[in-house]
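1. Sharing a sequence plus its predicted fold:
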Protein chains: 2
Amino acid sequence: MIFKTRTPFGVALDRFLKAIVPIEDTEVAPIREARGRVLARQIIAQRDEPNYRRAAMDGYAVIADDTLGASEHSPIALKIGKEVSRGAASRVHTGSKMPDQADAVVMVEDVERLGDVAEIRAQVHPFENVGLKGEDVSRGELVLAPGHRLRPADIGLLASLEVHDVTVYRQPDVAIIPTGEELVGEKPAEGEVVETNGLMNALLVEQWGARYRYRDIVTDARELIEDALLRDTDADLILTTGGTSVGIRDLVPEAVHKLGKVLVHGIAMSPAMPTALGLVENTPIACLPGFPVACLVASYAFAKPAIHRLEHVEREFERTATGTLASKVTGKPGSRTYARVAIRNERVEPVWASGSGILSSMTKADGFVIIPENVEAYDEGQPVEVVLFD
Amino acid sequence: MIFKTRTPFGVALDRFLKAIVPIEDTEVAPIREARGRVLARQIIAQRDEPNYRRAAMDGYAVIADDTLGASEHSPIALKIGKEVSRGAASRVHTGSKMPDQADAVVMVEDVERLGDVAEIRAQVHPFENVGLKGEDVSRGELVLAPGHRLRPADIGLLASLEVHDVTVYRQPDVAIIPTGEELVGEKPAEGEVVETNGLMNALLVEQWGARYRYRDIVTDARELIEDALLRDTDADLILTTGGTSVGIRDLVPEAVHKLGKVLVHGIAMSPAMPTALGLVENTPIACLPGFPVACLVASYAFAKPAIHRLEHVEREFERTATGTLASKVTGKPGSRTYARVAIRNERVEPVWASGSGILSSMTKADGFVIIPENVEAYDEGQPVEVVLFD
C-alpha cells in the first residue's frame, strides 16, 4: 500500500480514541498502594478536617475583647493558665486545639511573658489566627472525583479523612507483539537485529500505568500474525511493532483489516507516518512502525492517550520543559513533525540523525519539539516547549 | 527560636547539597529491571549497530551507476534477482540487508515492475537510501555516561547492543520520621490529627527513585527525638516532619544541633520558611515543617534534589506545564513564593486557601508557580510555567 492520502494527526487520534471503550472493572486498593491508580468512585468527606478549632499561629489564645486597645506602649496583662476565660490567656502552638472559650490568638512576637503573666502588646479581632473546625475539608464535601489519578498529596488527604481503601479502575492490559523477520531475541547474526521496540513499549506502557504482556517475536507471515492478534483480543489494547510500512510488508494492517477494522492507515506525521490504528474484533490496536524512533513517537502519540482513555483519565499533563532553540528546526510540510532535541542550559538543540531508525538519537535527546502541520519551521532563538521522554 | 535572619533559598539549597556525599555503592541489575535507575559506569558499544549495511527505504537495491540518466520518460530496465550485479536489481525493504554489490536503493515509487524486470524511473547516487554498518552506534563509541537515569529508549538501545546487565548506583535509603504530639496513626480524637506528612513523603521519595523507611510517630520530647535521629544515621537521608516552627516546638533543629550540625534554619521562602537543613553525625537531614503544604513544598525544594545528588544525577527536568495566569499572584516580599495553581484549558488559576495547613488545596491544585525573591507579582494574563506535582 502506498499512502496516497494521509489522515491528519488530530483526526486519526480522535477516531482511535472514540473507538476505545474505557474499562469498567474496578478493584479496591489500600491507599498506600494506590499511588498512580485512577479513582473509580468519588470521595466524599465523612468527617471534618480538622475535627477541632486550632491555633493558626504560635502564641497565646485569648478572648479577643480582652485585648481591646493593647499596643506596644500600653500592654494589657493577662494571667497565663491552661484554660481561657476573661482576663486569662493560654499558650498555644500552631495547630494545637484552641481552649474552649478562646476566640483569637495573639502571636508570640506580640507578647512579653513575665512569670505567669502575659503582657499583650497587640490587639486581636475575634477569629484572628484561629483555624475553624472543617476549614480544610468539611463533612459531606466532594474531595476527589472519579478519573483522578492519585498523587501522594491526594493519598495524604485520604489518610487524614480516615479513608483506608479506594475503588480504582483495573489497570489496562496491553499486549505487545513485535513483528519482523529480521528480529531475534539475542545474538544477532549479520542481517539480524535484536528486538527492542517491544521491550521499549513494555517499559513505557508500565510507566504509563498499564500492565503488559510482552509477546514473542512474530515473523512476517500472514497466518502467524493473525494467530498472534487473535490470541490477545482479551487484552484492553494491542500494540504491534513493525510490518506497517509501504511495500511488501504491509502485513499487520492487512491482518487487522481481515479480523476487524482499520480505522486509519497512513497519518500526516513525521516520523511514524505508516502507523495504522484499528480494531481486532473489538480490541483496539495500534500498529506501530518498525523504525525505532517512529515506533516510539507513535507510542507516545497513540498508545499513551489510549491507555489514559481506558483508565478514564480525561487529561494528563505532558512532562515538558521550555527553552530557546539553538538552531532552526523545520517541519515536514503538511505533517505534524516530532523533532528530537537535547536541552543544554535552557538551550534547545536539535539532535541530528539521518533517519527514524537511529535509536541512539533518542538516547542523546531529552525529548521532542512538536511542529504542527501549519507551521513551516521554528527559528533559532524562538522559545519552544519540549515534550520530555518518559 | 524566632527567625531574625532568613537564609536565601539558593544559598540554603547550595549549602545542603554541598554537604551531601553521593552514594558510591553500586549493584548490577538486568536491563529490564533498570528503568529509572542511575548508571554508575559508562556504556561503551562493543559492536556496530546495525551490524550490516541496510536499505533505508523500500525499493530496489542496485548499483548506482546502472541508473545513470534514468527518468520517468526514459526508464532503465534491470533484471530482478536475489543478488545484485551490473544490470540486476533486487527487491529490498526498509531495514533489510543490502545485497553485497549493491550501493544504492531506488524507492519503490520510482520503479515499475514488469514480470522479472524492474523499470527504474529515477537516477540514484552511490549510498543513496543506504544505511551504513554502525550508522546508529559504532563499536567503541560512548553510548551512555554515568549519572544517567535509564529511560525505556536507553534500555532499548542497550538491548540492541547486547548489553544485558548494567551497573547502577544503589538506591538511596531515606528515613522518614514524623514528629508531633497531636499526631495519631488512626482514629483521631478531638484535638488529634492523623499523621499524613510522613506518608506523603514516603510515597514521593519512592517516586523520586529512593527507598523509604516510614518510622513511627515521635512525640515532642527531646530524648525521643534524639533517639529517633540516631537510629537512622545509617540512612542516606533523614526527613523529619513537624517540630521546626517558631516558639516552644523547635525541638528537631535543636536535636540536630546537639547531634551534628544545623546548616540552615529559617529560609526566605513561603511557605516552608521554618525548614531546617543539617547533618546528624554525617547523615544529611531535612527538617520539614509540620504544616502539610509547607511540608510538601520543602520536600520538593530540598528532599528531591538531595535524592538526585545522592544518586549522582546532575540535572533532572521538572515536570512543568505552561499557561497564562487567570489572575494576579503576589509573592511574599523577599521570599521565594510557591503559589498553588490549577490549570483549566491552559489558564492557570490560583488555588486560594487561607494557610499552608490546607492540604485540600494541594489536591485541588495541579502544581505551583514559583515567584522568585526579586519579583513582586505575576500579573493576570502573564504566561507562566507551572511545576506539576508528582
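-> In hand now; what should we look at?
2. CA atoms for contacts and neighbours, from now on please.
-> Will do.
3. Report pLDDT for the residue found closest to A:Gln207 once you drop the neighbours it is linked to in the chain.
-> Computed as C-alpha to C-alpha, 6 or more residues apart in numbering or on different chains, the closest residue to A:Gln207 that is not its neighbour in sequence is A:Asp390, at 7.7 Å. For A:Asp390, the pLDDT comes out at 83.
4. repeat for A:Glu226
-> So A:Glu226 comes in at 97 (pLDDT).
5. Repeat that for the one 4 residues further on.
-> pLDDT, A:Leu230: 98.
6. ok, now which ones touch it?
-> A:Val280 (C-alpha atoms under 8 Å, 6 or more residues apart in numbering or on different chains).
7. Then A:Met107?
-> A:Met107 neighbours (C-alpha under 8 Å, 6+ apart): A:Met57, A:Asp58, A:Gly59, A:Tyr60.
8. And A:Val84, by the same measure?
-> Each residue near A:Val84 by C-alpha under 8 Å, 6+ apart is listed here: A:Ala61, A:Val62, A:Ile63, A:Ser90, A:Pro99, A:Asp100, A:Gln101, A:Ala102.
9. Next, the first one: phi, psi?
-> I take that to be A:Ala61. Torsion angles at A:Ala61 (phi, psi; degrees, to the nearest 10) stand at phi -80, psi 140.
10. how about stretch A:140-159, does it reach chain B?
-> Yes - for stretch A:140-159, a contact with chain B is found by C-alpha under 8 Å from any C-alpha of the partner chain, at A:Val143, A:Leu144, A:Arg151, A:Pro152, A:Ala153, A:Asp154, A:Ile155, A:Gly156, A:Leu157, A:Ala159.
11. which pair in these spans the largest distance?
-> Across the residues of stretch A:140-159 next to chain B, the longest distance by C-alpha to C-alpha is 14.5 Å; it joins A:Val143 and A:Pro152.
12. between these two, who's got more neighbours?
-> Using other C-alpha atoms under 10 Å in any protein chain shown, the more surrounded residue of A:Val143 and A:Pro152 is A:Pro152, with 27 against 19.
13. give me phi/psi at that one?
-> A:Pro152 adopts backbone torsions of phi -50, psi -40, taken as degrees, to the nearest 10.
14. Report the next helix or strand after the helix or strand of chain A with the lowest mean pLDDT in sequence order.
-> Least confident helix or strand of chain A, by mean pLDDT, DSSP states H and E, is helix A:359-364 with a mean of 79. Of the helices and strands lying after helix A:359-364 in sequence (DSSP states H and E), the nearest is strand A:367-371.
15. so what secondary structure elements neighbour that next one?
-> Counting contacts by 3 or more C-alpha pairs under 8 Å, 6 or more residues apart in numbering or on different chains; DSSP states H and E, strand A:367-371 packs against strand A:336-344, strand A:383-388.
16. In terms of secondary structure, what does the shortest one contact?
-> When you say that, I think you mean strand A:383-388. On a contact count with 3+ C-alpha pairs under 8 Å, 6+ apart, strand A:383-388 meets strand A:320-325, strand A:367-371.
17. neighbouring strands for it, and are they parallel or not?
-> Sheet neighbours of strand A:383-388, with direction, are listed as strand A:320-325 (antiparallel), strand A:367-371 (antiparallel) (DSSP bridges).
18. Could you do the longest one as well?
-> Using DSSP bridges, the strands paired with strand A:336-344 in its sheet are strand A:267-270 (parallel), strand A:347-350 (antiparallel), strand A:367-371 (antiparallel).
19. what number of residues lie near A:Ala210?
-> A:Ala210 has 23 neighbours, counted by other C-alpha under 10 Å.
20. what do you get for A:Leu142?
-> Burial measure for A:Leu142: 13 neighbouring residues, criterion other C-alpha under 10 Å.
21. That one: what's its closest spatial neighbour, skipping adjacent residues?
-> Using C-alpha to C-alpha, 6+ apart, the nearest residue to A:Leu142 is A:Ile44, at 4.6 Å.
22. For stretch A:12-19, give the mean pLDDT please.
-> 98.
23. residues of it that come out buried?
-> When burial is assessed from 16 or more other C-alpha atoms under 10 Å in any protein chain shown, stretch A:12-19 yields the following buried residues: A:Ala12, A:Leu13, A:Phe16, A:Leu17, A:Ala19.
24. ok, and of those residues, which contact chain B?
-> Checked against chain B using C-alpha under 8 Å from any C-alpha, those give no members in range.
25. quick check: domain ranges of chain A?
-> With domains defined by automatic domain parsing, chain A comprises A:7-25+A:171-311, A:26-49+A:145-169, A:54-131, A:320-388.
26. quick one: which of the ones you listed has the weakest pLDDT on average?
-> Least confident of these, judged by mean pLDDT, is domain A:320-388 with a mean of 88.
27. quick one: terminal-to-terminal distance for that domain?
-> With C-alpha to C-alpha, to the nearest Å applied, domain A:320-388 spans 5 Å between its terminal residues.
28. what does stretch A:226-237 give?
-> Using C-alpha to C-alpha, the end-to-end distance of stretch A:226-237 comes to 16 Å.
29. Report the buried residues of it.
-> Those would be A:Glu226, A:Ala228, A:Leu229, A:Leu230, A:Asp232, A:Thr233, A:Ala235, A:Asp236, A:Leu237, for stretch A:226-237 by 16+ other C-alpha under 10 Å.
30. I'd like the residues you listed as TSV, with secondary structure and distance to A:His257 appended.
-> TSV is the format used below for these (DSSP: H, G, I helix; E, B strand; the rest coil; distance: C-alpha to C-alpha, whole Å):
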residue	secondary structure	distance to A:His257
A:Glu226	helix	10
A:Ala228	helix	14
A:Leu229	helix	12
A:Leu230	helix	13
A:Asp232	coil	16
A:Thr233	coil	15
A:Ala235	coil	18
A:Asp236	coil	19
A:Leu237	strand	16
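31. Most widely separated two among the residues you listed?
-> Distance extremes for the buried residues of stretch A:226-237: the farthest pair is A:Glu226 and A:Asp236 at 17.3 Å, using C-alpha to C-alpha.
32. any chance of the helices and strands packed on strand A:367-371 in TSV, with mean neighbour count too?
-> Below are the helices and strands packed on strand A:367-371 laid out as TSV (neighbours: other C-alpha atoms under 10 Å in any protein chain shown):
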stretch	mean neighbour count
strand A:336-344	23
strand A:383-388	21
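33. Output these as JSON lines; include the columns distance to A:Gln207.
-> Output for the helices and strands packed on strand A:367-371, formatted as JSON lines (distance: least, C-alpha to C-alpha, whole Å):
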{"stretch": "strand A:336-344", "distance to A:Gln207": "21"}
{"stretch": "strand A:383-388", "distance to A:Gln207": "14"}
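34. Looking at those, which is nearest to B:Glu33?
-> Across the helices and strands packed on strand A:367-371, closest to B:Glu33 is strand A:383-388 (C-alpha to C-alpha), at 21.3 Å.
35. The closest residue to A:Gly191 other than its chain neighbours pairs with what?
-> Spatial nearest neighbour of A:Gly191, chain neighbours left out: B:Lys97 (5.3 Å); criterion: C-alpha to C-alpha, 6+ apart. Legend: beta-bridge partners of B:Lys97 under DSSP bridges are B:Arg54.
36. next one: A:Val387
-> Counting by DSSP bridges, A:Val387 is bridged to A:Thr320, A:Phe368.
37. check which helix or strand covers the one residue sitting closest to the centre of chain A.
-> For chain A, A:Glu316 is the residue whose C-alpha lies nearest the centre (C-alpha atoms, centre = their mean; 4.7 Å). In this assignment (DSSP H and E), A:Glu316 forms part of neither any helix nor any strand.
38. Give me the nearest residue to the residue of chain A positioned farthest from its centre, chain neighbours excluded.
-> Most distant residue from the mean C-alpha position of chain A: A:Ser74, 56.7 Å away (C-alpha atoms, centre = their mean). Once flanking residues are discounted, A:Ser74 sits nearest to A:Arg121: 7.0 Å by C-alpha to C-alpha, 6+ apart.
39. Up against chain B, what does the stretch 101-250 of chain A have?
-> So the stretch 101-250 of chain A meets chain B at A:108, A:135-137, A:143-144, A:151-157, A:159-162, A:182, A:186-187, A:190-197, A:199-201, A:203-204, A:246-249 (C-alpha under 8 Å from any C-alpha).
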